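Asks: The following block contains a protein sequence and its predicted model.
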Amino acid sequence: MVAIIDYGVGNLFSLKSSFAAIGQEAVVTADAEKLKQADRLILPGVGAFRDAAEKLHRSGMDTALKDEVSRGKPLLGICLGMQMLFERSYEYGEYEGLGLLKGEIRPIAERIPAGLKIPQMGWNSLRILRESPLLKYTREGEYVYFVHSYSAVNCDESLLAVTNYGTGLTACVGKENIYGCQFHPEKSSEVGLRILKAFCEVQS
Amino acid sequence: MITKRIIPCLDVKDGRVVKGVNFQRLGDVASPVELAKYYSDNGADELVFYDITASAEGRALFTDILTETARTVFIPLTVGGGINTTDDFDRVLKCGADKVSVNSGAIRDPSLVGKAAKLYGDQCVVLSVDVKRVDGVFRIFAKGGRENTGMEAIEWIRRCVGEGAGEVVVNSMDTDGVKQGFDLELLGQVCDAVQVPVIASGGAGKIGDFITLFKTLPGVDAGLAASIFHFGEVRISDLKEEMKKNGIPARI
């Protein structure tokens, strides 16, 4: 069973539906007990980093999540959920993340050429840098759907794939049992469903 | 490279797609769920559902359809029509919409865009405008294009983007239905005025119209159309191939 962590950020309907579409049981939950029972965890999220980090902390799910991950349970962070896996974010200030992966979150405006729109919104292709169980069904150059104004930097240790938006931006990360996608696999058609399927096959 | 998006728009009334749909291979398809699935399988980058129902029963049917579509189609869904309050945002987002498009609702209550952007994020709020030239000036029309608000179009768009609209759908009433190409003059002015993604609507009659659009105005991010896709006059797969041949980034 997949537990989709509900801490009051964003819309989890599509995410839950996408697991149903690949034949995986998934629950949307705000209950730490359910995290223990689950085989694997999803940390979703849209919106602002500070707000999300606060809500995750207030719900107590941050501790529960870290406990499970330290026992080797696979975790996939999506979009803002991926950003929270890192040490800190510089979105409107400086805020601490979960610190599960090395790296930080910076505005893409600092790195992309002038004239490109922010957020990056739309379909962009993946350049795969490292083989990973998460990307075992993904081919070089396949398109996924992005909506973001910030991205992970200084994360070479876990970097799996980038996307080209004037410059290479972090698209996929993974280290041991911890994974993240900056894009939305649940909105990336069949390519995204294959990534979720691969995550469901990751061994804990 | 980020691709230019191709977006079919489905007008839904009482649970059925209107404007008629007649695919050669599918026959007469009026089920929004089936049509959405068909488009998703055939290369649509995103879908817009427009609720043109007036009755409460129709509205309930619409949310059922939305839920069913979001359960089976995994590309971004934008919902518009009858969005007047943040409660309306809530209602359609809960059914699986990713973005919500406001038009007359924002004209009636200009604070709606800002309120919704704070609650759901800029990326969720799409400003949709119906624009028509009146004595040589671009004006905003309300209520499905029936009422001239007198507002100057570029000014209104700039204001709403300032409040937090994360994307703009620009429908030109002058070119809509004429099938002689998009309104490049209007769209060019919008691209110059705002930094958020711009979606062109109204006027597409053939593949070449999309090619001209993206080649002339690199600031346009997406092309939206309804009947030419529904009637099979333009197949999205053919359109994407032609875009690629012309060096326009497309997801194939």
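Replies: Looks like it came in fine.

Asks: Up against chain B, what does chain A have?
Replies: A:11, A:13-14, A:17-18, A:20-21, A:46-48, A:117-125, A:143, A:145-147, A:164-165, A:186-190, A:192-193 (Cβ under 8 Å from any Cβ of the partner chain). Where C-beta positions appear, they are placed from N, C-alpha and C, glycine not excepted.

Asks: So which bits of chain B are right by chain A?
Replies: B:1-3, B:5, B:40, B:45, B:67, B:70-72, B:74-76, B:93-96, B:98, B:120-124, B:166-167, B:195-197, B:221-222, B:251.

Asks: Could I have the buried ones of the residues you listed as PyMOL selection syntax?
Replies: To isolate the buried ones among the residues of chain B next to chain A in PyMOL, judged by 16 or more other Cβ atoms under 10 Å in any protein chain shown, type:
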select buried, chain B and resi 2+3+5+40+45+67+70+71+74+75+76+93+95+96+98+120+121+122+123+124+166+167+196+197+221+222+251
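
Asks: I'd like to know which of the residues of chain A next to chain B are buried.
Replies: Buried among these (16+ other Cβ under 10 Å): A:11, A:13-14, A:17-18, A:21, A:46-48, A:117, A:119-125, A:143, A:145-147, A:165, A:186-189, A:192-193.

Asks: how about the helices in chain B?
Replies: B:32-41, B:56-72, B:86-94, B:104-108, B:112-120, B:153-163, B:184-193, B:207-216, B:227-230, B:236-245 (DSSP state H).

Asks: from the chain's centre, how far out does the shortest one sit?
Replies: Right, helix B:227-230. 14 Å (Cα atoms, centre = their mean, to the nearest Å).

Asks: pLDDT averaged over that helix, what's the number?
Replies: Here helix B:227-230 scores 89 as its mean pLDDT.

Asks: Could you list every helix and strand that it packs against?
Replies: In this structure, helix B:227-230 packs against no helix or strand, with contacts taken as 3 or more Cβ pairs under 8 Å, 6 or more residues apart in numbering or on different chains; DSSP states H and E.

Asks: burial count for A:Pro113?
Replies: 8 (other Cβ atoms under 10 Å in any protein chain shown).

Asks: show me what contacts the closest residue to it other than its chain neighbours?
Replies: Among residues not flanking A:Pro113 along the chain, A:Gly166 sits closest, at 4.4 Å (Cβ to Cβ, 6 or more residues apart in numbering or on different chains). Residues near A:Gly166 by Cβ atoms under 8 Å, 6 or more residues apart in numbering or on different chains: A:Arg111, A:Ile112, A:Pro113, A:Leu116.

Asks: what sits against residue 74?
Replies: Since you didn't name a chain, this refers to chain A. Taking Cβ under 8 Å, 6+ apart, one finds A:Asp39, A:Arg40, A:Leu41, A:Asn177, A:Ile178, A:Tyr179, A:Phe199, A:Val202, A:Ser204 in contact with A:Pro74.

Asks: let's do chain B instead
Replies: With Cβ under 8 Å, 6+ apart, B:Phe74 has these contacts: A:Ser14, A:Ser17, A:Ser18, A:Ala21, A:Glu186, A:Lys187, A:Ser188, A:Ser189, A:Glu190, A:Gly192, A:Leu193, B:Ser40.

Asks: Now do it, the pLDDT please.
Replies: At B:Phe74, pLDDT is 95.

Asks: low pLDDT regions in chain B?
Replies: B:19-29, B:54 (pLDDT under 70).

Asks: hmm, 50 instead?
Replies: B:20, B:22-27 (pLDDT under 50).

Asks: what residue of it is the furthest out?
Replies: B:Asp135 (26.4 Å; Cα atoms, centre = their mean).

Asks: any idea which strand is longest in chain A?
Replies: In chain A, taking DSSP state E as the definition, the longest strand is strand A:168-175.

Asks: I'd like to know which elements the helix or strand just after that strand is packed against.
Replies: Scanning forward in sequence from strand A:168-175 by DSSP states H and E, the next helix or strand is strand A:178-181. Here strand A:178-181 touches strand A:75-78, helix A:80-83, strand A:168-175, going by 3+ Cβ pairs under 8 Å, 6+ apart.

Asks: Of the residues of chain A next to chain B, which belong to helices?
Replies: Here DSSP H is the test, and those give A:Phe13, A:Ser14, A:Ser17, A:Ser18, A:Ala20, A:Ala21, A:Ser189, A:Glu190, A:Gly192, A:Leu193 as lying in helices.

Asks: re the thing from before, where's the dip in pLDDT among the contacts of B:Phe74?
Replies: A:Ser14 (91).

Asks: I figured that residue hits B:Cys95, correct?
Replies: No - counting by Cβ atoms under 8 Å, A:Ser14 does not reach B:Cys95; the two are 10.2 Å apart.

Asks: what residues are shared contacts of those two?
Replies: Common contacts of A:Ser14 and B:Cys95, defined by Cβ under 8 Å, 6+ apart, comprise B:Ala70.

Asks: sorry, back to before: rebuild the helices of chain B as a markdown table, extending it with distance to A:Asn154.
Replies: Below are these laid out as a markdown table (distance: least, Cβ to Cβ, whole Å):
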| stretch | distance to A:Asn154 |
| --- | --- |
| helix B:32-41 | 37 |
| helix B:56-72 | 36 |
| helix B:86-94 | 34 |
| helix B:104-108 | 41 |
| helix B:112-120 | 30 |
| helix B:153-163 | 32 |
| helix B:184-193 | 34 |
| helix B:207-216 | 36 |
| helix B:227-230 | 44 |
| helix B:236-245 | 35 |
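
Asks: Relative to A:Tyr90, which of those helices is closest?
Replies: helix B:112-120 (21.2 Å; Cβ to Cβ).

Asks: Excluding chain neighbours, what is closest to residue 39?
Replies: Unless you meant another one, I'm taking chain A. Closest to A:Asp39 by Cβ to Cβ, 6+ apart is A:Met1, at 5.8 Å.

Asks: Sorry, I should have been clearer: chain B.
Replies: B:Pro8 (5.0 Å).
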